[in-house]
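Asker: Please find the sequence and the predicted model below.
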Amino acid sequence: MAATPQKPAAATPRRKVSRHRGEGQWAAGHHTPLNGNEQFKKDDDGLNVRTRIETIYSKRGFDSIDPNDLRGRMRWWGLYTQRKPGIDGGKTAILEPEELDDKYFMLRVRIDGGRLTTQQLRVIGEISEEFARGSADITDRQNIQLHWIRIEDVPEIWNRLEAVGLSTTEACGDCPRVVIGSPVAGIAEDEIVDGTWAIDEIHERYIGSKEFSNLPRKFKTAISGSPLLDVVHEINDIAFVGVEHPEHGPGFDLWVGGGLSTNPKLGVRLGAWVPLDEVPEVWAGVVGIFRDWGYRRLRTRARLKFLVADWGPEKFRQVLEDDYLERKLVDGPAPAEPSGRWRDHVGVHRQKDGRYYVGFAPRVGRVDGATLTKIAEVAEAHGSNRVRTTVEQKMIVLDVEEAQVEPLVEALEALDLTAKPSPFRRGTMACTGIEYCKLAIVETKARGSQLIDELERRIPEFDEPITINLNGCPNACARIQVADIGLKGQLVLNEQGEQVEGYQVHLGGALGLEAGFGRKVRGLKVTSEELPDYVERVLKRFQDEREDGERFAAWASRASEEALS
């Protein structure tokens, strides 16, 4: 009997074999561009676009700009296209870049350490008046941003800035951004160590160099020897924090891997003490690790904080020492707790040379070109030729003789630039917002200014340090996660069920003393119109329920959801 034919077995589906691409780390051999940003950086270094701006685009106009230059490489020279007027926040994530782009630019002037002469400030003010419709914002990274810039005017603006020692080089882009520093470096009576030399050396050696002009993403640096811990060191890619070593004297404690945005992480200590003269070398070693080992496959994981989180501080320090410095670093102490509740240097303070510095508060960083020019004039009229910007969107006039302090304070008050601000004027920050930013969903600057006025009117007796940070989108340029009251812009529903501008609320974030991220209460969102009512309500509950000496952040962490809503 013949055997019964067997039914052929079903063919096993062939598994698609894909080559493991890793995380796009150059040091692991993954050099193939893995996204559009990596491709345009491979095609041409971002620094090279300056020549095309000067010789082609400024002469032929906006429509001649190559898209990869327009939305990519031009950032290496501080230029971003700004948002086309009239586009509401609901369309931010829907429209294509070319639909959001206006034919004008934001231009970021790089101000390392926040240091300006009155001559430099006057030039920025004049540029604002002549080329930027009078616009000017002080950022929370010590820069000044202008808007309404035409590509035709950029070469002349660069000429004027560079004639007084300023630039826009690598003010944006996947490169080392501005190095923030203590605005009272070298003059404060209580300073542990002056980091000015290191900031200058880093700028001289590395900014504008192609050694670090192609990083996985932006790289943020902070250097301060102030006991106030005045440069938000916990949220920078690298930070050098002033400490006194018991054997070696003053130097810096090394931190890496901080950053906010949609995946916030606080920086971590490497446990290493760095003397002033070694800061540039150590800085270059850490940037080298980021360049070589940073994750380039996905933009969402291309910040140093993700590498530090995966490696841990021990491995990171070992790689830094063995492969980049080729020597061991000295172990060192952690910074002491900050020596003050406010870290913005607002008010009148004595310098170590016997003169004074005067810090004052613009409204949410919003000034204008005419005001910048007047600040320069007022400072000079009272004997100073040096001013500073701070990481809290404030400004400082240095080197004021005692007899000139009160006249200077009065002159600033006449410009609505108070050196004696309310806690609300002093503690409220805002990002650019929907007025100019293509990523924004809601208004921030005007809303923040209105909020200050309302709170000063409603609770004038409130006298506790409080930080209220408004951000137009989830990217946290205004540091919402580490504010007492952080407000993340989004569209929300009002009582009529209509979609309107509003904010998700974060409560109880902090830096310096007990650093941590704010608490999100389930479903806690407020419309822009409800914002003054909400903030007034929660601050009054804090006043009623706080224990003696308790900070808002500590109260918010233990308060009931009902008290916070």
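Answerer: Sure thing, it's come through.
Asker: Residue 401 is in contact with residue 355, isn't it?
Answerer: Yes - counting by Cβ atoms under 8 Å, residue 401 does reach residue 355; the two are 5.8 Å apart. (Each C-beta comes from the backbone N, C-alpha and C, glycine too.)
Asker: More neighbours: which of the two?
Answerer: residue 355 (17 against 13; other Cβ atoms under 10 Å).
Asker: which residues touch the more buried one?
Answerer: Contact analysis of residue 355 by Cβ atoms under 8 Å, 6 or more residues apart in numbering lists 398-402.
Asker: how near is it to residue 315?
Answerer: For residue 355, the distance to residue 315 (Cβ to Cβ, to the nearest Å) stands at 47 Å.
Asker: Same question for residue 347.
Answerer: For residue 347 relative to residue 315 (Cβ to Cβ), the value is 44 Å.
Asker: Which one's more surrounded, those two?
Answerer: Taking other Cβ under 10 Å, residue 347 and residue 315 do not tie; residue 347 has more neighbours (19 against 12).
Asker: ok, that one touching residue 356?
Answerer: No - using Cβ under 8 Å as the test, residue 347 is too far from residue 356 to be in contact (10.0 Å).
Asker: distance of the most centrally placed residue in the chain from residue 283?
Answerer: In the chain, the residue lying closest to the centroid (Cα atoms, centre = their mean) is residue 141, at 4.6 Å. Distance of residue 141 to residue 283, given as Cβ to Cβ: 17 Å.
Asker: Report the contact partners of the residue nearest to residue 517 when sequence neighbours are not counted.
Answerer: Distance criterion Cβ to Cβ, 6 or more residues apart in numbering; nearest residue to residue 517, sequence neighbours excluded, is residue 481 at 4.5 Å. For residue 481, the contact set (Cβ under 8 Å, 6+ apart) comprises 260, 264, 506, 509, 517-518.
Asker: Residue 481 falls within a strand, correct?
Answerer: No - read with DSSP: H, G, I helix; E, B strand; the rest coil, residue 481 is helix and lies in no strand.
Asker: Check what pLDDT it gets.
Answerer: Here, the pLDDT recorded for residue 481 equals 96.
Asker: Equivalent analysis for residue 19, please.
Answerer: pLDDT, residue 19: 44.
Asker: Tell me who's in contact with residue 104.
Answerer: Residue 104 neighbours (Cβ under 8 Å, 6+ apart): 81-82, 147-150.
Asker: Cross these against strands and list the overlap.
Answerer: Among those, DSSP state E puts 81-82, 147-149 in strands.
Asker: Pick out the most distant pair among the residues you listed.
Answerer: Maximum pairwise distance among those (Cβ to Cβ): 11.7 Å, between 81 and 148.
Asker: Comparing the two, which residue is more hemmed in?
Answerer: residue 81 (23 against 18).
Asker: mind checking pLDDT for the residue nearest to the more buried one when sequence neighbours are not counted?
Answerer: What sits nearest to residue 81 in space, not counting adjacent residues and going by Cβ to Cβ, 6+ apart, is residue 101, at 4.3 Å. Here the pLDDT value assigned to residue 101 is 93.
Asker: Residue 101 touches residue 84, doesn't it?
Answerer: Yes - shown here, residue 101 and residue 84 form a contact pair, counting by Cβ under 8 Å, at 6.5 Å.
Asker: who has more neighbours, these two?
Answerer: Counted by other Cβ under 10 Å, residue 101 and residue 84 do not tie: residue 101 has more neighbours, with 20 against 15.
Asker: For that one, give me phi and psi.
Answerer: Main-chain dihedrals, residue 101, degrees, to the nearest 10: phi -70, psi 130.
Asker: Report the buried members of the contacts of residue 355.
Answerer: Taking 16 or more other Cβ atoms under 10 Å as the criterion, what is buried in these is 398-400.
Asker: which of the residues in the helix or strand hosting residue 451 are buried?
Answerer: Secondary structure assignment for residue 451, by DSSP states H and E: helix 445-458. For helix 445-458, burial by neighbour count (16+ other Cβ under 10 Å) applies to 445, 447-449, 451-452, 454-455.
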